[in-house]
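*Asks:* Take this sequence and fold it.
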Amino acid sequence: MALYLSENPPGPEGSNGNLNLRCFWRAGSRELKGKLHRTPSPNQERSVLSINMFKIIQDPIWGPIEVKPEFLQIIDTEEFQRLHWIGQLGLCHMVFPGATQTRFQHSLGTMHIAEKMGEKLSSKRIGELKAAALLHDIGHFPFSHSFENFFMEKYGISHESVSMDIIRGKAGSGQIKDILEKNSIEPEVVVSILAKSGEFPLEESIVSGPIDSDEIDYLARDSYYTGVNLLPFDFRRIVSVLMTDGERIYIEQKGIPAIESLLISRFLMYKSVYFHKTVRIIQKMVSRAVDLESPGKSTSSMKDLQFLDMLKHGKGGDIIRRVERRELVKLTAQHEIKKESDEKSFRKEMNDRFPEAYIDVVPPFSFKNDDRVKNRIDVMAHGKYLDIRTISPLLHSLYDSFNMRKIFVYGESERKNEIENFTSKFFSS
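*Replies:* So this is what the prediction gives:
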């Protein structure tokens, strides 16, 4: 790309012949850089500036994020702009009023972190890596993860599968696929990274692995916007201790304290925010409204407010209005639970006796494997890879706590004694 300028181009401080031009935009700034050389013309000798344009987007978490033209084009698509209207934490703002951050913000942050990690670990697919990080949530459903189970059970789709269809051009406008191809970024490689096919193990781990760009961004962002300020980890220090053999990501033994700080932060966020009792109650109530309405597959591409308005005027409208008035169901019973089979038996009997009650297990049994909790982190010690939990007693104790589960029953206050008596007999037998 070339820009023809006068001999003495105007800069932000006047015509000073500076080779760096800066054009400041409301959303940030765009900086034009290049080498000045002379090109003859029929009338006069003119200066030519070859330009590498990019936009700086000011982020409250990571500061200025540099976004290059090919990614600006993706951001400007209808599919990506929709993420402005998808809340990062679903219904969490009903409890933490500041938690109004969006998937749009998170996606930009994830791309920024992935780029830094990719540069540190010498990724050979930095363009595809950044695209995968930017687009990993492009197919998210309304209210983020809140109704993921509904769309999976009803239609067999996940936000990951929808994201990959959009990237391939099988869903949406097809613009994103065209933009990637025009900028020599292979859509199928991007999809392979997101699908964790095993073909690009380093890039796959950077986007979704034991220490990944996705989690680093959402932990920092969610902590900031909820106002809980629980994060002791230093992103720059974490990146500095990462190592790779070209496939897996690992750390040296001296980097354990940095990773401990990240994983402690994760644990605290789950305890304080993601598994907050009132957040879970609201989630369960709105999910009941979704089950009653049984919305069509096409609603998965709605924005949050569109989806909520549909529910409010549908079969579960009374529940939505109760949530809006803050008339929430109450905790009526809680017990420790160890086996998934006990949960299934309990749900069946509760559904027969108290079909209006809401049941919740925290943490869910789906959090029992390494892929979900992502607690398998390799440490290079004494010439071999070791699981960090075998070296860090602190982390070993933290992960043991994820196996300590409670089952909660929510319902109307007037039935509290009846529900409590029944549940006590069930779990004491």
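
*Asks:* contacts, neighbours, all on C-alpha from now
*Replies:* Will do.

*Asks:* now the strands: where do they sit in the stretch 1-150 of the chain?
*Replies:* Shown for the stretch 1-150 of the chain, the strands assigned by DSSP state E, counting those that start in this stretch span residues 2-5, 10-11, 14-15, 21-25, 28-33, 36-39, 46-50, 52-59, 63-67.

*Asks:* Low-confidence ranges, the stretch 251-400 of the chain, go.
*Replies:* Across the stretch 251-400 of the chain, the ranges flagged by pLDDT under 70 are 369-375.

*Asks:* quick one, strands of it?
*Replies:* The residue ranges that make up the strands of the stretch 251-400 of the chain, judged by DSSP E, counting those that start in this stretch, are 330-337, 358-362, 378-381, 384-387.

*Asks:* Show me the one of those that comes nearest Leu262.
*Replies:* Leu262 sits nearest to strand 378-381 of all these, at 14.5 Å, using Cα to Cα.

*Asks:* Can you point out the buried residues in that closest one?
*Replies:* Residues Asp378, Val379, Met380 are the ones in strand 378-381 that count as buried (16 or more other Cα atoms under 10 Å).

*Asks:* In contact with Val329, which residues?
*Replies:* The contact partners of Val329, by Cα atoms under 8 Å, 6 or more residues apart in numbering, come to Ile281, Tyr410, Gly411, Glu412, Ser413.

*Asks:* returning to that earlier point: let me know which of the strands of the stretch 251-400 of the chain is the nearest to Val191.
*Replies:* Comparing the strands of the stretch 251-400 of the chain against Val191 with Cα to Cα, the closest turns out to be strand 378-381 (25.6 Å).

*Asks:* Show me what that closest one is packed against.
*Replies:* Where contact means 3 or more Cα pairs under 8 Å, 6 or more residues apart in numbering; DSSP states H and E, strand 378-381 is packed against strand 249-252, strand 384-387.

*Asks:* What is the neighbour count of Ser272?
*Replies:* Residues within reach of Ser272, counting by other Cα atoms under 10 Å, total 14.

*Asks:* Any chance of TSV for the buried residues of strand 378-381, columns distance to Ile75?
*Replies:* Converted to TSV, the buried residues of strand 378-381 look like this (distance: Cα to Cα, whole Å):
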residue	distance to Ile75
Asp378	35
Val379	37
Met380	39
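
*Asks:* separation between Glu343 and Thr423?
*Replies:* Applying Cα to Cα, to the nearest Å, one obtains 12 Å for the distance of Glu343 from Thr423.

*Asks:* Kindly report the same for Leu308.
*Replies:* From Leu308 over to Thr423 the distance is 33 Å, taken as Cα to Cα.

*Asks:* contacting residues around Pro201?
*Replies:* Under the criterion of Cα under 8 Å, 6+ apart, the neighbours of Pro201 are Ile193, Glu247, Arg248.

*Asks:* what's Glu148 in contact with, if anything?
*Replies:* When the contact criterion is Cα under 8 Å, 6+ apart, the partners of Glu148 are Phe141, Ser158, His159.

*Asks:* now it: how far from His140?
*Replies:* Looking at Glu148 against His140, where the rule is Cα to Cα, the gap reads 9 Å.

*Asks:* what is in contact with those two at once?
*Replies:* His159.

*Asks:* which residues of the stretch 51-200 of the chain fall in helices?
*Replies:* With helices called from DSSP state H, counting those that start in this stretch, the stretch 51-200 of the chain shows them at 69-75, 78-81, 103-120, 126-135, 148-155, 159-168, 175-182, 187-195.

*Asks:* Most tightly packed of those helices?
*Replies:* Comparing the helices of the stretch 51-200 of the chain by mean neighbour count (mean count of other Cα atoms under 10 Å), helix 126-135 comes out on top with a mean of 26.

*Asks:* so what does it touch, helix or strand wise?
*Replies:* Contacts defined by 3+ Cα pairs under 8 Å, 6+ apart place helix 126-135 against helix 103-120, helix 187-195, helix 201-207.

*Asks:* quick revisit: of the helices and strands packed on strand 378-381, give the one that comes closest to Ile419.
*Replies:* Taking Cα to Cα, strand 384-387 is the member of the helices and strands packed on strand 378-381 nearest to Ile419, at 43.4 Å.

*Asks:* Run me through the strand neighbours of that closest one, direction for each.
*Replies:* According to DSSP bridges, strand 384-387 forms sheet pairs with strand 378-381 (antiparallel).

*Asks:* Tyr358 versus Val162, what's the distance?
*Replies:* The separation that Val162 has from Tyr358, given Cα to Cα, amounts to 30 Å.

*Asks:* ignore the last one, Lys154
*Replies:* As for Lys154, its distance to Tyr358 is 20 Å (criterion: Cα to Cα).

*Asks:* now Gly209
*Replies:* Counting by Cα to Cα - Gly209 and Tyr358 are separated by 33 Å.

*Asks:* Once you drop chain neighbours, what's closest to Tyr358?
*Replies:* Ranked by Cα to Cα, 6 or more residues apart in numbering and with sequence neighbours excluded, the top spatial neighbour of Tyr358 is Tyr410, at 5.0 Å.

*Asks:* what is the rounded mean pLDDT of the helix or strand that contains the one you found?
*Replies:* Following DSSP states H and E, the helix or strand that holds Tyr410 is strand 405-411. If you average the pLDDT over strand 405-411, you get 95.

*Asks:* strands paired with that strand, and their directions?
*Replies:* Neighbouring strands of strand 405-411 in its sheet, by DSSP bridges, are strand 330-337 (antiparallel), strand 358-362 (antiparallel).

*Asks:* what residues are up against the nearest residue to Ser301 once chain neighbours are set aside?
*Replies:* In space, Ser301 comes closest to Phe141 once its chain neighbours are excluded; the distance is 6.1 Å by Cα to Cα, 6+ apart. With contacts defined as Cα under 8 Å, 6+ apart, the neighbours of Phe141 are Ile86, Phe147, Glu148, His159, Ser300, Ser301, Met302.

*Asks:* got TSV for those residues, with distance to Gly63 too?
*Replies:* Shown next, in TSV, are the contacts of Phe141 (distance: Cα to Cα, whole Å):
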residue	distance to Gly63
Ile86	22
Phe147	32
Glu148	31
His159	28
Ser300	32
Ser301	30
Met302	30
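
*Asks:* coming back round to it: how about CSV for the helices of the stretch 51-200 of the chain, with mean pLDDT added?
*Replies:* Formatted as CSV, the helices of the stretch 51-200 of the chain follow (pLDDT from 0 to 100):
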stretch, mean pLDDT
helix 69-75, 96
helix 78-81, 97
helix 103-120, 97
helix 126-135, 98
helix 148-155, 93
helix 159-168, 96
helix 175-182, 97
helix 187-195, 97
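
*Asks:* Which stretch among these approaches Asp217 most closely?
*Replies:* Nearest to Asp217, of the helices of the stretch 51-200 of the chain and by Cα to Cα, is helix 103-120 at 5.7 Å.
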